[in-house]
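**Q** any chance you can model this:
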Amino acid sequence: QVHLVESGGGLVQAGGSLRLACAASGRSFANYVMAWFRQAPGKEQREFVAAISWSGKSTTYADSVKGRYTISSTNDKNTVFLQMNNLKPEDAATYYCAADDTGGLESDNYDYWGQGTQVTVSS
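**A** Take a look at the predicted model:
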């Protein structure tokens with residue numbers, strides 16, 4: 001059974017940093033696209049944040065986080081990280097790890113999801 005488990009969320013002041021981790025198990029993710037999405041309170045849809053290709057050589061970021069966030073992974077994709085710097089109050093959300101063999105920017109594309117980790121940013 002596939003499990004994606006996020007960790008590293010918490011409360012941070014604006015301008016601070018957090019590092020999220022996603023531990024993946026239950027199958028090989030070496031050929032999967034791994035991504036982070038977020039869902040802010042009151043928002044219905046999950047917003048794409050960042051993704052890393054199956055090779056690990058290509059990354060994609062939402063414009064809102066470009067230059068502040070960095071996605072990375074272990075070679076086997078069993079662990080995916082999201083380094084978040086210079087956090088802003090508008091970054092506050094539940095952050096979800098997702099995996100799919102094709103990926104993309106739409107949450108509907110992704111087959112596997114974690115339960116999420118909460119990020120709160122105080123101003």
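**Q** okay, which residue is most central for the chain?
**A** The chain has Trp36 as the residue nearest its centroid, 2.2 Å off, counting by Cα atoms, centre = their mean.
**Q** hang on, it packs against Tyr96?
**A** Yes. Assessed by Cβ atoms under 8 Å, Trp36 is found in contact with Tyr96 at 7.0 Å. Where you see a C-beta, it was placed from the backbone N, CA and C, and this is true even at glycine.
**Q** now do the shared contacts for these two.
**A** Here Trp36 and Tyr96 share no contacting residue, scored by Cβ atoms under 8 Å, 6 or more residues apart in numbering.
**Q** picking up where we left off before, would you give the sheet partners of the host helix or strand of the residue nearest to the centre of the chain, along with the direction of each?
**A** Assigned by DSSP states H and E, Trp36 falls within strand 33-39. Applying DSSP bridges to the sheet, strand 33-39 is found paired with strand 47-52 (antiparallel), strand 93-100 (antiparallel).
**Q** so which bits of the helix or strand that the shortest one is followed by are buried?
**A** Sequence-wise, the next helix or strand downstream of strand 47-52 (DSSP H and E) is strand 59-61. Neighbour counts over strand 59-61 (16 or more other Cβ atoms under 10 Å) mark 60-61 as buried.
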